[in-house]
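In: How does the following fold in three dimensions:
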Amino acid sequence: MSVESVTVHDVTGGIGASGERTYQKVYRVLCSSNEDGPVTARNGPGIERYGQAYAYGNEADLGAWAVSIIARKVNLDELRRDWFVQVDFSSAAQQTGESIDPSGDPIDNALDRSVRWSGSFAQFAKAAERDRLGFPIVNTVGDPIEGITKDDSRPELIARRNVEQLDLAVWADYRDKVNADAIWGLEPRMLKVNNITWETQRAGDLRYFEVTYAFHANFEKWINKYENRGWRARPAMGADPVKITDIVEPAYLDDFGVRLSQARIDAGDFPDPIEAELEDERSFSDLGLPDRIEA
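Out: Below is the predicted model of the structure:
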């Protein structure tokens, strides 16, 4: 099974309805046997592979890639050995991502393509106990109003890369983890793994996995904060805590565990919340993603 000759039979080009540039090249391929099929024909020398850029004569369009390759026999006569191979090119964005490296050469192997970046904002809501000035949200008798929430949209960073093999054990270990080191211009604990998904892909004869990593960013860092309140307080700094008997809800405490005065509460002078780091940390560089986000 081999190809004896390949000649260009026809070339066309145009502009699509959305402004994309389209081209079509048709090759006439003569095989060595009438038993040769479309696989032999479309793999003839000089015929573009999937993802290669359009070129003909003294012109080229590196932004238009081969998106379809179809071979059909010129005639079903048993003695005919010639085929038409049609290659369609388009400048429209393809699901497989980048197919041209910085040198302008086509990338035939999907595993060599660079990481594709995107982003958005994921909408969340969180409980609100204070207003924008820091005062507790209470009713006319001073009781807290429960069930109040406010929007807490988070930036979402998405990276897609192609891999040959799945690494489920590593990905499972990164569930809900935050970054231990500075990466992508963000400090430690500012990124959290939200999800890692994958699906099978193919480019020609190559089978691979497209993996999508979704990270949520928190510029206040992934540090849980809790109001300093309790049912016990120290009568004075350094004293042993005792139960507070004249309250129906946890009282506000100062930095030393002493009950906060009503004057400070009325003035909105509350101590800093108690902080706790709950999420474990991992080095995100071990995920195989580049340490810089580039277009």
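
In: ranges for the helices of the chain?
Out: For the chain, helices defined by DSSP state H occupy the ranges 38-42, 168-173, 262-266.

In: Please identify the most buried of the ones you listed.
Out: With neighbours defined by mean count of other Cβ atoms under 10 Å, none of the helices of the chain is more surrounded on average than helix 38-42, at a mean of 18. Backbone N, C-alpha and C define where each C-beta goes, glycine included.

In: Summarise which helices and strands that one is packed against.
Out: Identification of packing neighbours for helix 38-42 by 3 or more Cβ pairs under 8 Å, 6 or more residues apart in numbering; DSSP states H and E yields strand 21-31, strand 59-73, strand 82-90.

In: 10 Å - rerun?
Out: Contacting helix 38-42 under the criterion 3 or more Cβ pairs under 10 Å, 6 or more residues apart in numbering; DSSP states H and E are the following elements: strand 3-15, strand 21-31, strand 59-73, strand 82-90.

In: buried residues in the longest one?
Out: When burial is assessed from 16 or more other Cβ atoms under 10 Å, strand 59-73 yields the following buried residues: Asp61, Ala64, Trp65, Ala66, Val67, Ile69, Ala71, Lys73.

In: neighbouring strands for it, and are they parallel or not?
Out: Sheet pairing for strand 59-73, assigned by DSSP bridges, gives strand 53-56 (antiparallel), strand 82-90 (antiparallel).

In: Give me the angle between the last one and strand 3-15.
Out: Angle between the axes of strand 82-90 and strand 3-15 is 30 degrees (criterion: axes from the mean of the first three to the mean of the last three Cα atoms, to 10 degrees).

In: The lowest-mean-pLDDT helix or strand in the chain: partners in the sheet, and parallel or antiparallel?
Out: In the chain, the helix or strand scored least confidently by mean pLDDT, DSSP states H and E is strand 125-127, which has a mean of 82. Strand pairing for strand 125-127, using DSSP bridges, gives strand 149-151 (antiparallel).

In: The partner strand: how far from the chain's middle?
Out: 26 Å (Cα atoms, centre = their mean, to the nearest Å).

In: before we move on, what about stretch 282-289?
Out: With Cα atoms, centre = their mean, you get 14 Å for stretch 282-289.

In: any idea of the mean pLDDT for it?
Out: Per-residue pLDDT over stretch 282-289 has a mean of 91.

In: For the closest residue to Ile196 other than its chain neighbours, which residues are in contact?
Out: Taking Cβ to Cβ, 6 or more residues apart in numbering as the measure, Ile196 lies nearest to Trp171, with 4.6 Å between them; neighbours along the chain are not counted. The contact partners of Trp171, taken as Cβ atoms under 10 Å, 6 or more residues apart in numbering, are Val193, Asn195, Ile196, Thr197, Trp198, Val211, Tyr213, Leu287.

In: lowest-confidence stretch among the helices and strands packed on helix 38-42?
Out: Ranked by mean pLDDT, those bottom out at strand 59-73, which scores a mean of 90.

In: just to revisit the earlier point, which one of the helices of the chain lies closest to Glu78?
Out: Among the helices of the chain, helix 38-42 comes nearest to Glu78, with 16.1 Å by Cβ to Cβ.

In: just the CA coordinates of that closest one, formatted as CSV?
Out: Output for helix 38-42, consisting of C-alpha atoms alone and laid out as CSV, is shown next (Å, rounded to 0.1, in the frame of the first residue of the first chain):
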residue,chain,number,x,y,z
PRO,A,38,-8.9,6.3,1.9
VAL,A,39,-6.4,6.1,4.7
THR,A,40,-3.6,5.5,2.2
ALA,A,41,-4.9,8.3,0.0
ARG,A,42,-5.2,11.0,2.6
